[in-house]
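Asks: Would you be able to build a 3D model of this:
(2 chains)
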2 protein chains.
Amino acid sequence: MGVEERREQLIAVALDLFSHRSPEDVSIDEVAEAAGISRPLVYHYFPGKQQLYEAALRRAAEELTARFVEPHEGPLGARLLRVMERFFDFVAEHGPGFSALMRGGPAIGSTRTGAMIDGVRQAAYEQILAHLGIPDPAPRLELVVRSWVSLAETTALLWLDGRRVPRAELERQLVHDFAALAAVSAAYDGQMAVVVRRILAEEPADGMFADLVTRLSRFT
Amino acid sequence: MGVEERREQLIAVALDLFSHRSPEDVSIDEVAEAAGISRPLVYHYFPGKQQLYEAALRRAAEELTARFVEPHEGPLGARLLRVMERFFDFVAEHGPGFSALMRGGPAIGSTRTGAMIDGVRQAAYEQILAHLGIPDPAPRLELVVRSWVSLAETTALLWLDGRRVPRAELERQLVHDFAALAAVSAAYDGQMAVVVRRILAEEPADGMFADLVTRLSRFT
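Replies: The predicted structure is shown next:
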């Protein structure tokens, strides 16, 4: 194998191991064994576990960021739902590693891992603004979008802890949560009201947001 | 001063310094100067900055947890609003330290600081359950309450970054966000619907939740 090819193989092997068990529990020996090479050869490519972990994390961050990309076509609610489905796919695939990373801790936390997580959050934020067609949002819209991104993150983490609520329900709920948080903000602020009215006007009668209204009216 | 008294003084001085600047930028020399004692004497009480930081953080965590305590009297929305006001008081008082802590980073993160943060989250979660009168919640209610606690945390952090939205607006919005997240969950689940109906039934006509409904109906 060439140098680049070998590096890629080690990153893929490491990402798989780090995804299925807490990174603290994965040793370089296991990485070497899974890659079918010697321990010194792993160290030839990566000076230590932290570097290999960060390379695997960078790969995971790129992969997750790619899943946020959604064509600007059709109702916003349906777009957001498709992104949520791909987000939960990712979370399900990388469960233990995702939990360990997001729950932090000194064994895996570093300035660089923190920056990578923030980079993924920023990408999610910018994708949503792009779908809203508002690249330069007022502070209240920024707050709604960023706090919803954080809500999606927390919801996925809580789901991983026992998976006691069906993920499909949570994916739909998160789309509705976005509408709900935006509506609460719109109840206070004229600019936000304009944004929310525009989103709702573009939604079809059988879309995600209409579904929420129907469900809520049945419930009250 | 006695040993305990001196320790208490150092913790108070350190908490004040760590609250107003990022903990990474605070030196033991400054702590000594602010306390009016020598640097070696500080080290006599605390072996290093990390230990002093953790003692100050423990004090801050106790203080914040105490602010969550609210009499079980009157409408739930009003209780939650009073807690939110005290939470934002705390966040305003400890701004830079709160941001630095919650944004993590290896300079201040440790297993112990992480456990203290989780302890505060858990206290907030249990307080809300106590007010709801549901000590042993179903998974969906647990998810709503825990994700709302995280939303309050994120909202406060985003507010600190420029304070571009009046905090009083955010305090009210967070109460409404709680109602909104619970309502979305109730739209999917019969048990949650029972919980939400009971909360709403106990709210007065001029209460926080009625206010949200009025605001929303004005807006749509």
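
Asks: got the domain boundaries for chain A?
Replies: Per the record, chain A has its domains at A:1-56, A:68-219, by automatic domain parsing.

Asks: Work out for me the element the residue nearest in space to the middle of chain A sits within.
Replies: In chain A, the centroid-proximal residue (CA atoms, centre = their mean) is A:Phe87; its distance is 5.3 Å. Using DSSP states H and E, A:Phe87 sits within helix A:76-93.

Asks: how would you label the closest residue to A:Ala138 other than its chain neighbours: helix, strand or coil?
Replies: Spatial nearest neighbour of A:Ala138, excluding adjacent residues (CB to CB, 6 or more residues apart in numbering or on different chains): A:Gln191 at 5.4 Å. (Glycine included, C-beta is placed from N, CA and C.) With DSSP: H, G, I helix; E, B strand; the rest coil as the basis, A:Gln191 sits in helix.

Asks: so what's the closest residue to A:Ile199 other than its chain neighbours up against?
Replies: Spatially, and ignoring its direct neighbours in sequence, A:Ile199 is nearest to A:Leu76 (5.7 Å; CB to CB, 6+ apart). A:Leu76 makes contact with A:131-132, A:199, A:202-203, according to CB atoms under 8 Å, 6 or more residues apart in numbering or on different chains.

Asks: Going along the chain from the stretch of helix or strand A:Ile199 belongs to, find the next helix or strand for me.
Replies: Per DSSP H and E: A:Ile199 is located in helix A:190-201. Sequence order places helix A:208-219 as the next helix or strand after helix A:190-201, per DSSP H and E.

Asks: Could you tell me the end-to-end distance of stretch A:194-210?
Replies: 18 Å (CA to CA, to the nearest Å).

Asks: right, so the domains of chain A: which one is the most enclosed?
Replies: Highest mean neighbour count among these (mean count of other CB atoms under 10 Å in any protein chain shown): domain A:68-219, with a mean of 18.

Asks: Point out where chain A drops to low pLDDT.
Replies: Residue ranges of chain A with pLDDT under 70: A:104-109, A:219-220.

Asks: again, only using 50
Replies: Chain A contains no residues with pLDDT under 50.

Asks: Export the helix holding A:Phe87 to PDB, keeping only CA atoms.
Replies: These are the backbone C-alpha positions of helix A:76-93, laid out as PDB (Å, rounded to 0.1, in the frame of the first residue of the first chain):
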ATOM      1  CA  LEU A  76     -38.800  23.200   4.000                       C
ATOM      2  CA  GLY A  77     -40.300  20.800   6.500                       C
ATOM      3  CA  ALA A  78     -39.700  17.800   4.300                       C
ATOM      4  CA  ARG A  79     -36.200  18.900   3.600                       C
ATOM      5  CA  LEU A  80     -35.500  19.200   7.300                       C
ATOM      6  CA  LEU A  81     -37.000  15.800   7.900                       C
ATOM      7  CA  ARG A  82     -34.700  14.200   5.400                       C
ATOM      8  CA  VAL A  83     -31.700  15.800   7.100                       C
ATOM      9  CA  MET A  84     -32.900  14.600  10.500                       C
ATOM     10  CA  GLU A  85     -33.200  11.000   9.100                       C
ATOM     11  CA  ARG A  86     -29.600  11.200   7.800                       C
ATOM     12  CA  PHE A  87     -28.500  12.700  11.100                       C
ATOM     13  CA  PHE A  88     -30.000   9.900  13.100                       C
ATOM     14  CA  ASP A  89     -28.500   7.400  10.700                       C
ATOM     15  CA  PHE A  90     -25.100   8.800  11.500                       C
ATOM     16  CA  VAL A  91     -25.800   8.900  15.200                       C
ATOM     17  CA  ALA A  92     -27.000   5.300  15.100                       C
ATOM     18  CA  GLU A  93     -23.800   4.200  13.200                       C
END
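
Asks: Isn't A:Phe178 up against A:Trp148?
Replies: Yes - between A:Phe178 and A:Trp148 there is a contact at 5.1 Å, judged by CB atoms under 8 Å.

Asks: what are the ranges of the helices in chain A?
Replies: Secondary structure of chain A by DSSP state H: the helices cover A:3-20, A:28-35, A:39-45, A:49-67, A:76-93, A:95-102, A:111-132, A:139-160, A:167-186, A:190-201, A:208-219.

Asks: out of those, which comes closest to B:Asp16?
Replies: helix A:111-132 (26.1 Å; CB to CB).

Asks: How about that closest one and chain B, touching?
Replies: Yes - using CB under 8 Å from any CB of the partner chain, we find that helix A:111-132 touches chain B at A:111, A:114.

Asks: Make a markdown table from the contacts of A:Leu76 and add distance to A:Phe98 to it.
Replies: A markdown table is the format used below for these (distance: CB to CB, whole Å):
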| residue | distance to A:Phe98 |
| --- | --- |
| A:His131 | 24 |
| A:Leu132 | 27 |
| A:Ile199 | 29 |
| A:Glu202 | 33 |
| A:Glu203 | 31 |
